[in-house]
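Asker: Got a sequence here, can you build the structure:
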Amino acid sequence: MKTRYFALVMGVVFLAIGILGFVPGVLMPPEAGPPLVVEAGHGVLFGLFPVNVLHNIVHLAFGVWGVVVWRSFVPSRAYARAVAVVYAVLTVMGLIPVLDTVFGLVPIHSHDIWLHGAITLVAAYFGYAPVTAVETAGDLPPRR
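Answerer: Sure thing, here's the model as predicted:
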């Protein structure tokens, strides 16, 4: 049950962040940083996290995925594992100057590094922790 709710909560949070990234009033002007090939929607979310339109789309995709899979344990666990692996890679990439914009496409430097690291740790807990019978017993039946 915990893993399912992790997928749901992360899905909703990713959706909210992805949507907020498109709201001009929430974005501050971009800080001086590595150049981007994709400047559309480039700004600093909440004054901390550099984003652009592609970054927002990635958040929306992870959000939709989390909300879609939350009803069942196995897909929720796969989601948590994928989030852990992808965000671990993004954390490391954010630390490497030549990769901290994913080849100029998505800014993942600055405060994104520690945030991606924290997401990695939480997702790894839910994706790789030992499974109890209670965890799988709470699956909701498929919708008709």
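Asker: From here on, just use CA atoms for contacts and neighbour counts.
Answerer: Noted.
Asker: what's the closest non-adjacent residue to Leu121?
Answerer: What sits nearest to Leu121 in space, not counting adjacent residues and going by CA to CA, 6 or more residues apart in numbering, is Ala84, at 6.9 Å.
Asker: how much space is there between that neighbour and Gly47?
Answerer: Distance from Ala84 to Gly47, counting by CA to CA, to the nearest Å: 25 Å.
Asker: Compare the two (neighbour count), which wins?
Answerer: Taking neighbours as other CA atoms under 10 Å, Ala84 and Gly47 compare with Ala84 leading, 25 against 14.
Asker: sorry, back to before: is it true that the residue nearest to Leu121 lies in a strand?
Answerer: No: assigned with DSSP: H, G, I helix; E, B strand; the rest coil, Ala84 falls outside any strand and is helix.
Asker: before we move on, which element is the spatially closest residue to Val12 that is not a sequence neighbour in?
Answerer: Nearest residue to Val12 in three dimensions, chain neighbours excluded: Gly63, at 5.9 Å (CA to CA, 6+ apart). Assessed by DSSP states H and E, Gly63 sits inside helix 53-69.
Asker: who does that helix touch, helix- and strand-wise?
Answerer: Where contact means 3 or more CA pairs under 8 Å, 6 or more residues apart in numbering; DSSP states H and E, helix 53-69 is packed against helix 2-20, helix 73-95.
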